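Colleague: Dropping a prediction and its sequence here:
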Amino acid sequence: MTTVQYEQATSSSAPLLNSADDTRNESTMQDCTSRVEKELARLQDALMCPICEERKKDVVFQCAHDTCEKCGELLSHYPLCRQKIQLRIKRFG
């Protein structure tokens, strides 16, 4: 059996973290928060209609591109791939 020794922290012990550690931790937390916020913005943007950029995409076409229903009704050809739109599938959720 292995014996593990440990020392219990008391008020006379050295502090576990100092102000430099606090500053590093705060900076790391801010960096992490910034990265998460950027990723969230990117994902939210990916859900938006590429035509109007106002509503969420909820219609997909046979070319696999998608728009909001309102913009999809106005298109005869998809602007990026220029394929004729023959099928509109309403996406829910």
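Modeller: In hand now; what should we look at? Numbers count the residues shown, from 1 in each chain.
Colleague: C-alpha only now, for contacts and for neighbours.
Modeller: Noted.
Colleague: quick one: buried residues of stretch 79-93?
Modeller: Ile85, Arg88 (16 or more other C-alpha atoms under 10 Å).
Colleague: Against Met29, how distant is Thr23?
Modeller: 10 Å (C-alpha to C-alpha, to the nearest Å).
Colleague: With Pro79 instead?
Modeller: Taken as C-alpha to C-alpha, the span from Pro79 to Met29 is 42 Å.
Colleague: most centrally placed residue in this protein?
Modeller: Leu40 (2.8 Å; C-alpha atoms, centre = their mean).
Colleague: downstream neighbour of the helix or strand harbouring that residue in the secondary structure list?
Modeller: Secondary structure assignment for Leu40, by DSSP states H and E: helix 19-46. Downstream of helix 19-46, the first helix or strand assigned by DSSP H and E is strand 59-61.
Colleague: so how far is that next one off the chain centroid?
Modeller: 22 Å (C-alpha atoms, centre = their mean, to the nearest Å).
Colleague: Pull the residues that contact the next helix or strand after that strand.
Modeller: Going down the chain from strand 59-61, the next helix or strand is strand 66-67, by DSSP H and E. If you take C-alpha atoms under 8 Å, 6 or more residues apart in numbering as the criterion, strand 66-67 is touched by Met48, Cys49, Pro50, Ile51, Lys56, Lys57, Asp58, Val59, Val60, Gly72.
Colleague: Any regions of the protein where pLDDT drops low?
Modeller: Residue ranges of the chain with pLDDT under 70: 1-20.
Colleague: same thing but 90
Modeller: Across the chain, the ranges flagged by pLDDT under 90 are 1-28, 31, 92-93.
Colleague: In JSON lines, list the contacts of strand 66-67 along with distance to Asp66.
Modeller: Compiled in JSON lines, the contacts of strand 66-67 are given as follows (distance: C-alpha to C-alpha, whole Å):
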{"residue": "Met48", "distance to Asp66": "10"}
{"residue": "Cys49", "distance to Asp66": "7"}
{"residue": "Pro50", "distance to Asp66": "8"}
{"residue": "Ile51", "distance to Asp66": "10"}
{"residue": "Lys56", "distance to Asp66": "10"}
{"residue": "Lys57", "distance to Asp66": "6"}
{"residue": "Asp58", "distance to Asp66": "7"}
{"residue": "Val59", "distance to Asp66": "5"}
{"residue": "Val60", "distance to Asp66": "4"}
{"residue": "Gly72", "distance to Asp66": "8"}
